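Trainee: Below is the sequence, then the predicted model.
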Amino acid sequence: MNAAIRAVIRTAIFNNINIVGIKQGYEGLINGEIEEMNLSSVADIIHRGGTILRSSRSEEFMTEEGFKRALNVIKVFGINGIIVLGGDGSFKGARKLANAGVPTMGIPCTIDNDMGYTDYTIGFFTAVETAAEAIGKIRDTSTSHGRANIIEVMGRNSGDIALYSGISGGAESIIVPEIKFNIDEVIKRAIRGRNRGKLHHIIVLAEGVGNPYDLAEDIKEGSDIDTRVTILGHVQRGGTPTSFDRIMASEMGRRAVELLLEGKSGRALGIKCNKVMDLDIIEALDIEKKFNEEMYETAKILSI
Ligand SMILES: Nc1ncnc2c1ncn2[C@@H]1O[C@H](COP(=O)(O)OP(=O)(O)OP(=O)(O)O)[C@@H](O)[C@H]1O
Ligand SMILES: O=P(O)(O)OC[C@H]1O[C@](O)(CO)[C@@H](O)[C@@H]1O
């Protein structure tokens, strides 16, 4: 996210526009936590994880009263345009602001990659990299002990982190919310692997599909293979961003400012076939995220 903040601020300054940073997302907007930004405000952050502006989940912004307060702060601070960095929840807020007459742009920043209108969201590949690295490390101990290891990754309702990190990490099974899973098939794979001399066994589980500890019990019972669980958790939300994330963030950040300068509002930035694009934020939110079943099939074929 920092790379996107840097791109927005530098592009604004390049175009001689005064720019402020709103701290803590919509919560900070309501409370007037707003700071003047300059070239140095974003120095030395392109390679840092997290966000210098910090983040929050704001219940208040979703109330009529809270939203009115936000509009008032926008007026008081003389803000003529807002660039929202976040996932679909943040975009719903951005759409509301645009409908209320505040020129608004949305840049997709979420590790979940759960926004249907864009191929990728900023942060996703960094989370995948972290998960894949963890899988590699767990695979070493899986081999040493001859165990099965379940690694639960994040993604809310999206299985993309599980799918991409599972393929990168050579997982034997990948369990995602989009595809109904069959425990017998998972057990069969574990037994098949063991019978042909495989020492490790990696199962990547997307959060929310099921309890990883129950799954471990079932695998142990069905295959007689000792099975351990690792829940990766928030480690996936930090760390040095990948170059691809930084590049997407830089391109989208620049474009978001330029679109505002062109007088546009209510647009969602995204990436399609390696090109930065934008479309109406209402349309963007209506596009359903499609799970990449072909890629899932690849994972199944390769882990035979
Ligand atoms: N329907 C809505 N209308 C107005 N504002 C909303 C709406 N949904 C969410 N928001 C605002 O956007 C904020 C961020 O949304 P949310 O917590 O869902 O995260 P997100 O943007 O989807 O990103 P993440 O991927 O981190 O979950 C919420 O805390 C809330 O203030
Ligand atoms: O950090 P919190 O508020 O518990 O939210 C966790 C959720 O946020 C995400 O990390 C990003 O949306 C999801 O993958 C996860 O389900």
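Mentor: Yes, it's here. Numbering: from 1, shown residues only. Ligands and ions are numbered 1, 2, ... in the order given.
Trainee: CA atoms for contacts and neighbours, from now on please.
Mentor: Noted.
Trainee: where exactly do the strands run in this protein?
Mentor: Assigned by DSSP state E, the chain shows strands spanning 20-22, 34-36, 82-86, 104-108, 148-153, 173-175, 201-206, 227-231, 267-272, 275-280.
Trainee: looking at the ones you listed, which is closest to ligand 2?
Mentor: Relative to ligand 2, the nearest member of the strands of the chain by Cα to the nearest ligand atom is strand 148-153, separated by 8.0 Å.
Trainee: just the strands of the chain: most buried one?
Mentor: strand 104-108 (a mean of 30; mean count of other Cα atoms under 10 Å).
Trainee: quick one: strands adjacent to that one?
Mentor: Using DSSP bridges, strand 104-108 pairs in its sheet with strand 82-86 (parallel), strand 267-272 (parallel).
Trainee: what's the closest of these to ligand 1?
Mentor: Closest to ligand 1 of those is strand 82-86 (Cα to the nearest ligand atom; 4.2 Å).
Trainee: what is the rounded mean pLDDT of that closest one?
Mentor: Strand 82-86 shows a mean pLDDT of 97.
Trainee: can I get the CA coordinates of it in PDB?
Mentor: The C-alpha trace of strand 82-86 is given here as PDB (Å, rounded to 0.1, in the frame of the first residue of the first chain):
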ATOM      1  CA  ILE A  82     -10.300  11.500  -2.500                       C
ATOM      2  CA  ILE A  83      -8.300   8.400  -3.500                       C
ATOM      3  CA  VAL A  84      -9.400   5.400  -1.500                       C
ATOM      4  CA  LEU A  85      -7.000   2.500  -1.100                       C
ATOM      5  CA  GLY A  86      -8.700  -0.700   0.000                       C
END
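Trainee: Residue numbers of the chain in contact with ligand 1?
Mentor: Within the chain, the positions near ligand 1 by Cα under 6 Å from any ligand atom are 26, 57-59, 61-62, 86-90, 92-93, 110.
Trainee: just checking: which of those also lie near ligand 2?
Mentor: When Cα under 6 Å from any ligand atom is applied, the members of the residues of the chain next to ligand 1 adjacent to ligand 2 are residue 110.
Trainee: Produce a PyMOL select command limited to the buried residues of the residues of the chain next to ligand 1.
Mentor: Here is the PyMOL selection string for the buried members of the residues of the chain next to ligand 1, based on 16 or more other Cα atoms under 10 Å:
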select buried, resi 26+58+61+86+87+88+90+92+93+110
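Trainee: could you dump the residues of the chain next to ligand 1 to TSV with distance to residue 304?
Mentor: Formatted as TSV, those follow (distance: Cα to Cα, whole Å):
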residue	distance to residue 304
26	47
57	42
58	45
59	46
61	49
62	48
86	38
87	35
88	36
89	39
90	40
92	42
93	45
110	32
